[in-house]
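Enquirer: Need the 3D shape of this:
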Amino acid sequence: MSCIFCKIVNGEISARKLYENDEFIAILDAFPSSVGHSLVIPKAHVDDILEMDEALAGRAFALAAKIAKKMKPALNCDGINILQNNGEAAGQTVYHLHVHIIPRYADDNVAIKWGTAADNEDEIEGIRSKLVL
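Expert: Below you'll find the predicted structure:
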(Lines give C-alpha, C1' and ligand atoms only; values in the text may rest on other atoms or scores of the structure.)
Protein backbone atom coordinates (compact mmCIF):
# COMPACT_ATOMS: atom_id res chain seq x y z
CA MET A 1 0.00 0.00 0.00
CA SER A 2 1.32 3.46 -0.84
CA CYS A 3 -0.53 5.34 1.93
CA ILE A 4 2.04 7.33 3.90
CA PHE A 5 -0.01 7.17 7.11
CA CYS A 6 -0.39 3.38 6.81
CA LYS A 7 3.39 3.20 6.43
CA ILE A 8 3.82 5.29 9.59
CA VAL A 9 1.30 3.11 11.48
CA ASN A 10 3.14 -0.04 10.31
CA GLY A 11 6.54 1.36 11.33
CA GLU A 12 7.84 1.53 7.75
CA ILE A 13 8.37 5.30 8.05
CA SER A 14 9.48 7.00 11.25
CA ALA A 15 7.41 9.74 12.85
CA ARG A 16 7.59 11.86 15.96
CA LYS A 17 4.99 10.07 18.09
CA LEU A 18 3.01 11.85 20.76
CA TYR A 19 0.65 9.00 21.60
CA GLU A 20 -0.27 5.50 20.52
CA ASN A 21 -2.89 2.92 21.46
CA ASP A 22 -4.63 0.06 19.64
CA GLU A 23 -6.76 2.42 17.51
CA PHE A 24 -4.73 5.60 16.97
CA ILE A 25 -1.37 7.16 16.59
CA ALA A 26 -0.75 10.86 17.23
CA ILE A 27 2.31 12.49 15.69
CA LEU A 28 3.86 15.85 15.00
CA ASP A 29 3.03 16.90 11.44
CA ALA A 30 6.08 16.59 9.17
CA PHE A 31 5.02 19.78 7.35
CA PRO A 32 3.59 21.92 10.16
CA SER A 33 1.48 25.02 9.67
CA SER A 34 2.73 26.26 13.03
CA VAL A 35 5.05 25.09 15.78
CA GLY A 36 3.53 22.00 17.38
CA HIS A 37 1.04 21.15 14.59
CA SER A 38 -0.03 17.58 15.35
CA LEU A 39 -2.13 14.83 13.76
CA VAL A 40 -4.41 12.13 15.14
CA ILE A 41 -4.48 9.18 12.73
CA PRO A 42 -6.60 6.04 13.05
CA LYS A 43 -4.56 2.88 12.59
CA ALA A 44 -7.26 1.31 10.43
CA HIS A 45 -7.23 2.85 6.96
CA VAL A 46 -10.29 4.92 6.12
CA ASP A 47 -10.13 7.57 3.40
CA ASP A 48 -12.29 10.14 5.15
CA ILE A 49 -14.97 10.71 7.77
CA LEU A 50 -17.66 9.45 5.38
CA GLU A 51 -16.11 5.97 5.69
CA MET A 52 -15.45 6.15 9.42
CA ASP A 53 -17.59 4.56 12.12
CA GLU A 54 -19.18 7.32 14.24
CA ALA A 55 -17.94 5.85 17.52
CA LEU A 56 -14.36 5.74 16.19
CA ALA A 57 -14.73 9.33 14.94
CA GLY A 58 -15.82 10.34 18.43
CA ARG A 59 -12.75 8.70 19.95
CA ALA A 60 -10.50 10.42 17.37
CA PHE A 61 -11.85 13.83 18.32
CA ALA A 62 -11.67 12.97 22.04
CA LEU A 63 -7.96 12.24 21.54
CA ALA A 64 -7.56 15.51 19.61
CA ALA A 65 -9.15 17.34 22.57
CA LYS A 66 -6.76 15.61 24.99
CA ILE A 67 -3.77 16.70 22.91
CA ALA A 68 -5.13 20.25 22.63
CA LYS A 69 -5.52 20.47 26.42
CA LYS A 70 -1.86 19.53 26.84
CA MET A 71 -0.75 21.71 23.91
CA LYS A 72 -2.16 25.01 25.21
CA PRO A 73 -0.03 25.29 28.38
CA ALA A 74 2.95 23.33 27.02
CA LEU A 75 3.41 25.55 23.95
CA ASN A 76 1.91 28.74 25.38
CA CYS A 77 -0.12 29.17 22.21
CA ASP A 78 -2.83 31.81 21.88
CA GLY A 79 -5.43 29.44 20.39
CA ILE A 80 -5.90 26.06 18.71
CA ASN A 81 -7.60 24.94 15.49
CA ILE A 82 -8.88 21.38 15.31
CA LEU A 83 -9.84 20.43 11.78
CA GLN A 84 -10.34 17.49 9.54
CA ASN A 85 -10.52 17.74 5.73
CA ASN A 86 -12.59 15.46 3.48
CA GLY A 87 -11.95 15.48 -0.26
CA GLU A 88 -9.76 17.55 -2.53
CA ALA A 89 -12.10 20.55 -2.52
CA ALA A 90 -11.80 20.64 1.29
CA GLY A 91 -8.00 20.57 1.18
CA GLN A 92 -7.43 16.85 1.85
CA THR A 93 -4.09 15.81 0.39
CA VAL A 94 -3.53 12.45 2.14
CA TYR A 95 -6.45 10.08 1.70
CA HIS A 96 -6.22 8.45 5.12
CA LEU A 97 -8.38 10.26 7.64
CA HIS A 98 -6.47 12.46 10.05
CA VAL A 99 -7.37 15.21 12.50
CA HIS A 100 -5.19 18.31 12.65
CA ILE A 101 -4.48 19.98 15.98
CA ILE A 102 -2.88 23.30 15.08
CA PRO A 103 -1.59 25.60 17.79
CA ARG A 104 -2.16 29.21 16.84
CA TYR A 105 -0.03 32.19 17.73
CA ALA A 106 -0.99 35.85 17.34
CA ASP A 107 1.63 36.38 14.61
CA ASP A 108 1.69 32.95 12.92
CA ASN A 109 0.29 33.97 9.48
CA VAL A 110 -1.69 30.72 9.22
CA ALA A 111 -4.72 31.46 7.03
CA ILE A 112 -7.98 29.61 7.57
CA LYS A 113 -10.66 31.79 6.02
CA TRP A 114 -14.45 31.67 6.13
CA GLY A 115 -16.77 33.37 3.68
CA THR A 116 -20.49 33.79 3.32
CA ALA A 117 -22.07 31.17 1.06
CA ALA A 118 -25.74 32.11 1.46
CA ASP A 119 -27.53 35.14 2.79
CA ASN A 120 -31.06 34.69 1.44
CA GLU A 121 -33.37 33.43 4.20
CA ASP A 122 -35.26 31.08 1.83
CA GLU A 123 -32.00 29.60 0.54
CA ILE A 124 -30.70 29.10 4.08
CA GLU A 125 -33.95 27.38 5.11
CA GLY A 126 -33.76 25.12 2.04
CA ILE A 127 -30.25 24.10 2.99
CA ARG A 128 -31.26 23.51 6.61
CA SER A 129 -34.18 21.31 5.56
CA LYS A 130 -31.81 19.10 3.49
CA LEU A 131 -29.43 18.62 6.44
CA VAL A 132 -31.75 18.18 9.43
CA LEU A 133 -31.30 14.77 11.10
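Enquirer: What residues sit buried inside stretch 32-43?
Expert: Residues of stretch 32-43 classed as buried by neighbour count (16 or more other CB atoms under 10 Å): 33-34, 36-42. No exception for glycine: its C-beta is placed from N, CA and C like everyone else's.
Enquirer: now do the same end-to-end measure for that stretch.
Expert: End-to-end distance of stretch 32-43 (CA to CA, to the nearest Å): 21 Å.
Enquirer: any idea how far that stretch is from the chain center?
Expert: Taking CA atoms, centre = their mean, to the nearest Å, the mean C-alpha location of stretch 32-43 is offset from the chain mean by 8 Å.
Enquirer: and the gap between the nearest residue to Ile4 once chain neighbours are set aside and Ile124?
Expert: Using CB to CB, 6 or more residues apart in numbering and skipping residues adjacent in sequence, the residue nearest Ile4 is Val94, 6.1 Å away. In this view, Val94 and Ile124 are 33 Å apart by CB to CB, to the nearest Å.
Enquirer: For Glu12, see how far away the residue nearest to Gln92 when sequence neighbours are not counted is.
Expert: Of all residues beyond its chain neighbours, the one nearest Gln92 is Asn85 (4.1 Å), with distances taken as CB to CB, 6+ apart. Asn85 sits 24 Å away from Glu12, going by CB to CB.
Enquirer: between the two, which one's more packed in?
Expert: Set Asn85 next to Glu12 and count neighbours by other CB atoms under 10 Å: Asn85 wins out with 17 against 10.
Enquirer: Which pLDDT value goes with that one?
Expert: For Asn85, the pLDDT comes out at 95.
Enquirer: Please apply the same query to Ala118.
Expert: Note on Ala118: pLDDT of 69.
Enquirer: Let me see the contact set for Val46.
Expert: Contact partners of Val46, counting by CB atoms under 8 Å, 6 or more residues apart in numbering, are 52, 96-97.
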